[in-house]
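Student: can't give you the sequence, but here's the structure:
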């Protein structure tokens, strides 16, 4: 996702619209925190906000924005207007009017639409030096652009050209945010020219807090199997007693994010080299953990899974690789009893198979593979008996026997490498 911002000038006073948007956004966010579903929130809005000047589309955009804000930080209660400003208001360091003004800084969020020239409430006239915000049928506000660099002007000109289509034809979707002094335009990166990717080549990714499993298959044959580990950086953070605001801790947090992006970059590079057309990632719906403070810190604070997936989507979109999210139920168990690699790689192979057969080939009843004795590794063949009819039953039997299923790295054959930089803290294990 690319976001371009620029300053603008206009004589129009947006305050009343920003106030309505702010009230609506705070209400939606607080109801999400109260545990209401999106359907319940929308039902309540009909009575609570019946006289808004905001269009139905803008209201819907604000609801979606608040859902995204909560999903990004599900365990944090956001203070609209800023925590520092909130404390300053309590201490009377700022006035009530100043505090209210801070709460309006988010402005208006308006989602795009492909069949409405990219965005039904916005028009791009980049070549003429302005844009138009259409608040409703009567109010079309011209915003004159200030301080837009040559590079970003070219990108917006391209976006404008892609949306110079007849009404009803498909455009290039973009989302806007308008504040008191700035416009933010967000859109997916423009795809590069199509590459010679193979329909029968696909890849899978298994995500864990400190390691990532990656595999590439072609016609069910494993072409590549790798595991990436950033465990040494994660452990350094977990074992340290540094404050979160200390320079060393900030460095380590930034290092984890950087290495996560480097892994995404390497994976897409390997996909292109092997002409992978479809990439499947497990769809994690992570619930609140109850396994202790260390585990919670690992999964909620240090695990950069959302950053990884967002960066991966961006890179795949740039090169034409199609990325899908796949439900991961029993993927680790199935992968480990069928494949000889390490646990995350085995799980990635099952994610790849599951995604390819269900989403691309659309084979009925292929979410789980067929439970056939010959497809299992040798040590599990004798465990499978006639009374076991499905994978769930097989899993329960293995669990009751207290047998270890996960394949440890030390029990496999691999070669160890670093990433491209000698400073990298990522270990790459390539299986032979």
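Tutor: Looks like it arrived, so ask away. Quick caveat, the model's predicted, so the values are computed rather than measured.
Student: Toward the C-terminus, what is the element adjacent to the lowest-mean-pLDDT helix or strand in the chain?
Tutor: Within the chain, confidence by mean pLDDT, DSSP states H and E is lowest for helix 293-297 among all helices and strands, at a mean of 72. Counting by DSSP states H and E, the next helix or strand C-terminal to helix 293-297 is helix 305-319.
Student: I'd like to know which elements the next helix or strand after that following helix is packed against.
Tutor: Following helix 305-319 in sequence order, the next helix or strand is strand 322-326 (DSSP H and E). Under the contact criterion of 3 or more Cβ pairs under 8 Å, 6 or more residues apart in numbering; DSSP states H and E, strand 322-326 touches strand 276-282, helix 305-319, helix 343-355. Any C-beta I mention is one placed from the backbone N, CA and C, and that applies to glycine too.
Student: looking at these, which is buried most?
Tutor: Mean neighbours per residue, mean count of other Cβ atoms under 10 Å, is largest over the helices and strands packed on strand 322-326 for helix 343-355, with a mean of 28.
Student: ok so, going back, so which of the helices and strands packed on strand 322-326 is nearest residue 325?
Tutor: With Cβ to Cβ, the closest approach to residue 325 among those belongs to strand 276-282: 5.8 Å.
Student: What lies in contact with the closest one?
Tutor: Under the contact criterion Cβ atoms under 8 Å, 6 or more residues apart in numbering, strand 276-282 has outside partners 197-199, 201-207, 216, 267, 270-271, 309, 312, 316, 321-328, 331, 347, 351-352, 354-356, 359-360.
Student: again, 7 Å this time
Tutor: Applying Cβ atoms under 7 Å, 6 or more residues apart in numbering, the contact partners of strand 276-282 are 197-199, 201-207, 216, 271, 309, 312, 316, 321-326, 328, 331, 351-352, 355-356, 360.
Student: of these, buried ones?
Tutor: Using 16 or more other Cβ atoms under 10 Å as the burial test, these include 197, 201-207, 216, 271, 309, 312, 316, 321, 323-324, 326, 328, 331, 351-352, 355-356, 360 as buried.
Student: all helices of the stretch 151-300 of the chain, in order?
Tutor: Taking DSSP state H, counting those that start in this stretch, the helices of the stretch 151-300 of the chain run over residues 231-239, 247-273, 293-297.
Student: Confidence-wise, which of the ones you listed is weakest overall?
Tutor: Of all the helices of the stretch 151-300 of the chain, the segment with the smallest mean pLDDT is helix 293-297, scoring a mean of 72.
Student: Outline the domain layout of this structure.
Tutor: Domains of the chain are assigned by automatic domain parsing as 2-187, 198-431.
Student: So for the first one, mean pLDDT?
Tutor: Translated: domain 2-187. Mean pLDDT, domain 2-187: 88.
Student: now the end-to-end length of it.
Tutor: End-to-end distance for domain 2-187, by Cα to Cα, to the nearest Å: 5 Å.
Student: residue with max distance from the center of the protein?
Tutor: Going by Cα atoms, centre = their mean, the residue of the chain most distant from its centre is residue 386, 42.4 Å out.
Student: which element is that residue on?
Tutor: Element membership for residue 386 (DSSP H and E) is empty, with no helix or strand holding it.
Student: Would you list the phi and psi of it?
Tutor: Backbone torsions for residue 386, taken as degrees, to the nearest 10, come to phi -70, psi -30.
Student: Report pLDDT for the residue nearest in space to the middle of the chain.
Tutor: Closest to where the C-alpha atoms of the chain average out (Cα atoms, centre = their mean) is residue 310, at 3.9 Å. pLDDT recorded at residue 310 is 88.
Student: any low-confidence regions in the stretch 251-400 of the chain?
Tutor: Within the stretch 251-400 of the chain, the segments meeting pLDDT under 70 span 285-292.
Student: 50 instead, please
Tutor: 288-289 (pLDDT under 50).
Student: rewinding a little: turn the helices and strands packed on strand 322-326 into a markdown table, including distance to residue 72.
Tutor: Below are the helices and strands packed on strand 322-326 laid out as a markdown table (distance: least, Cβ to Cβ, whole Å):
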| stretch | distance to residue 72 |
| --- | --- |
| strand 276-282 | 18 |
| helix 305-319 | 7 |
| helix 343-355 | 24 |
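Student: for those, which one sits closest to residue 71?
Tutor: helix 305-319 (8.2 Å).
Student: Give the other helices and strands that the closest one contacts.
Tutor: Helix 305-319 sits against helix 247-273, strand 276-282, strand 322-326, with contacts defined as 3 or more Cβ pairs under 7 Å, 6 or more residues apart in numbering; DSSP states H and E.
Student: To residue 396, which of the ones you listed lies closest?
Tutor: Ranking these by proximity to residue 396 (Cβ to Cβ) places strand 276-282 first, at 21.8 Å.
Student: Run a quick neighbour tally on residue 432.
Tutor: 8 (other Cβ atoms under 10 Å).
Student: and what of residue 85?
Tutor: Neighbours of residue 85 (other Cβ under 10 Å): 19.
Student: Please look at it and residue 99 and confirm they touch.
Tutor: Yes. Proximity of residue 85 to residue 99 meets the contact threshold set by Cβ atoms under 7 Å, at 6.2 Å.
Student: chain center to the least confident helix or strand of the chain, what's the gap?
Tutor: 22 Å (Cα atoms, centre = their mean, to the nearest Å).
Student: which secondary structure elements does that helix contact?
Tutor: On a contact count with 3+ Cβ pairs under 7 Å, 6+ apart, helix 293-297 meets no helix or strand.
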